[in-house]
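[1] Sequence and predicted model, in that order:
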Amino acid sequence: RKSIYHHKNKMGRKRNTRKDEISDDDSGSGSSSHDLGLEEGDAVSAPGELSDVDDTRANNNQPLEREDDDENTNNEGTKKKKKVRRLKLATTQNFNATLQKRGVVYLSRIPPRMGPARVKTLLADFGSISRIYLVEEDKTVRKKRRKAGGSSGKRYTEGWVEFESKKAAKLVGETLNMTRVTNHKGSIHYDDLWNIKYLRGFKWSHLTEKVAYERRVREQKLRVEMMEVRRENATYVAQVEAGKRLDYIEERRRKRGHKEGGGVKDDSTGMAKKKRKIRQKKPFEGDKSSTKSAILGSLV
């Protein structure tokens, strides 16, 4: 008990010494109202206390606002306008001039297991390449090859390669046509040959127009096929409904025949046939001698 009593006395002494040090610092600091930017007559709140305005806000449970927050909100309210960059005539003319200098090469056959990246690496030794476009094979052909046990990878049927200079494109079309793809015997494409032709006067815009035209034709064909399928479906449904009606009529006739129990039954349908009586006029038969004389008189 004595040890606890001594410990409490020590803690109380330490607290009293700290309070004395804080009061000495406040008295010796000597900070004036001019240094703090205050004028005479302004109320100064002590440290740890709130002013009158702050007391009212605290009683009303309102948060304290700052001038910095108001400035941030004003800045957020004003949205930044996006700058519209306009192309200059000189830049567009230079770009068109560079397009005129480019040349295009056509690949009529692309070996299997060869994609755009492989084609670019093989042809980049002859000149810088700007664009490549390869046409994928039809999906139906790919499905048939899978069912037959072939490879399921992508294959390409034809392609176009654009060089930045026409000289490089001409050189590639003249030198690489009907030559080996690679001279490395361990390569997969050692036995494959290039089928390349330089397209004189052909531009990349022509290719984009061709692709867009083919896409439109494909979409139109699909529309026509869908219209034909819908028409066939409608005719089939109409025929099915007509058959149901005929079946219903036959069932009603059978029920009537069973109730009446008369008439001749047909073997195929089992329905009772009704005999129709048609009145016929008997032919005129006169004396044979009179008919002969009338005929001879008409001839004379």
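    Thanks, I have it. Just so we're clear, the structure is a prediction, and the values are computed from it rather than from any experiment.
[2] quick one: contacts for residue 165?
    Residues near residue 165 by Cβ atoms under 8 Å, 6 or more residues apart in numbering: 101-103, 127-128. C-beta coordinates here come from the backbone N, C-alpha and C atoms, glycine included.
[3] Show me the one in these that has more neighbours than the rest.
    Within the contacts of residue 165, neighbour counts (other Cβ atoms under 10 Å) peak at residue 103, which reaches 24 neighbours.
[4] Surely that residue touches residue 162?
    Yes - applying Cβ atoms under 8 Å as the test, residue 103 and residue 162 come out as touching, 7.3 Å apart.
[5] correct me, but residue 173 touches residue 200?
    No - at 9.5 Å, residue 173 does not count as touching residue 200 under the criterion of Cβ under 8 Å.
[6] more crowded one of those two?
    Neighbours were counted for residue 173 and for residue 200 using other Cβ under 10 Å; residue 173 has more, 20 against 11.
[7] tally of neighbours for residue 185?
    When counting by other Cβ under 10 Å, one arrives at 7 neighbours for residue 185.
[8] And residue 253, by the same measure?
    Residues near residue 253, counting by other Cβ under 10 Å, number 13.
[9] in which helix or strand would I find it?
    helix 204-260 (DSSP states H and E).
[10] Tell me the helices and strands packed up against that helix.
    Judged by 3 or more Cβ pairs under 8 Å, 6 or more residues apart in numbering; DSSP states H and E, helix 204-260 is in contact with strand 129-136, strand 156-163.
[11] hang on, the earlier thing: can you pull the residues that touch both of residue 103 and residue 162?
    Residues within reach of residue 103 and of residue 162 at once, by Cβ under 8 Å, 6+ apart, are residue 169.
[12] Out of the helices and strands packed on helix 204-260, flag the one nearest residue 234.
    strand 129-136 (35.3 Å; Cβ to Cβ).
[13] Buried ones in the helix or strand following the closest one, by neighbour count?
    Following strand 129-136 in sequence order, the next helix or strand is helix 139-147 (DSSP H and E). Residues of helix 139-147 classed as buried under the neighbour-count rule (16 or more other Cβ atoms under 10 Å) are residue 142.
[14] got the angle between helix 139-147 and strand 156-163?
    Going by axes from the mean of the first three to the mean of the last three Cα atoms, to 10 degrees, helix 139-147 is angled at 120 degrees with respect to strand 156-163.
[15] Rounded mean pLDDT for helix 139-147, please.
    The average pLDDT for helix 139-147 rounds to 88.
[16] Going forward, count from 272.
    Fine by me, first position is 272 from now on; the one you just mentioned is helix 410-418.
[17] what mean pLDDT does stretch 356-373 have?
    78.
[18] Extract the C-alpha set from it and format it as CSV.
    The C-alpha trace of stretch 356-373 is given here as CSV (Å, rounded to 0.1, in the frame of the first residue of the first chain):
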residue,chain,number,x,y,z
ARG,A,356,-6.8,21.0,-82.4
ARG,A,357,-7.2,22.0,-86.0
LEU,A,358,-5.1,20.5,-88.6
LYS,A,359,-3.1,22.8,-90.7
LEU,A,360,-3.1,22.7,-94.5
ALA,A,361,0.6,22.2,-94.7
THR,A,362,0.5,19.0,-92.5
THR,A,363,-2.4,17.5,-94.5
GLN,A,364,-0.5,18.2,-97.7
ASN,A,365,2.6,16.6,-96.4
PHE,A,366,0.6,13.5,-95.3
ASN,A,367,-1.0,13.2,-98.7
ALA,A,368,2.5,13.4,-100.3
THR,A,369,3.8,10.6,-98.1
LEU,A,370,0.8,8.5,-99.1
GLN,A,371,1.5,9.1,-102.8
LYS,A,372,5.1,7.7,-102.3
ARG,A,373,3.9,4.4,-100.8
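[19] How about residues contacting it?
    Contact with stretch 356-373 is made by 401, 433-437, 440, 474-475, as judged by Cβ under 8 Å, 6+ apart.
[20] What of stretch 473-486?
    Contacts of stretch 473-486 (Cβ under 8 Å, 6+ apart): 370, 373, 375, 377, 402, 404, 431, 433.
[21] Could you tell me which residues make contact with residue 402?
    Counting by Cβ under 8 Å, 6+ apart, residue 402 makes contact with 432-433, 475.
[22] same deal with residue 382?
    Contacts of residue 382 by Cβ under 8 Å, 6+ apart are 452, 460, 463.
[23] was I right about the first one contacting residue 390?
    I take that to be residue 452. No - taking contacts as Cβ under 8 Å, residue 452 lies outside contact range of residue 390: 9.7 Å.
[24] Restricting to C-alpha, output stretch 391-406 in PDB.
    Output in PDB follows, covering the C-alpha atoms of stretch 391-406 (Å, rounded to 0.1, in the frame of the first residue of the first chain):
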ATOM      1  CA  LYS A 391       6.200  -8.400 -91.500                       C
ATOM      2  CA  THR A 392       9.500  -9.800 -90.100                       C
ATOM      3  CA  LEU A 393      10.300 -11.600 -93.300                       C
ATOM      4  CA  LEU A 394       9.600  -8.600 -95.600                       C
ATOM      5  CA  ALA A 395      11.000  -5.900 -93.300                       C
ATOM      6  CA  ASP A 396      14.500  -6.700 -94.600                       C
ATOM      7  CA  PHE A 397      13.700  -5.200 -98.000                       C
ATOM      8  CA  GLY A 398      12.100  -2.000 -96.700                       C
ATOM      9  CA  SER A 399      10.000  -0.300 -94.000                       C
ATOM     10  CA  ILE A 400       6.400  -1.600 -93.900                       C
ATOM     11  CA  SER A 401       3.600   0.800 -92.900                       C
ATOM     12  CA  ARG A 402       0.500  -1.500 -93.000                       C
ATOM     13  CA  ILE A 403      -0.500  -5.100 -93.500                       C
ATOM     14  CA  TYR A 404      -3.900  -6.700 -94.100                       C
ATOM     15  CA  LEU A 405      -4.500 -10.500 -94.300                       C
ATOM     16  CA  VAL A 406      -7.900 -12.100 -95.100                       C
END
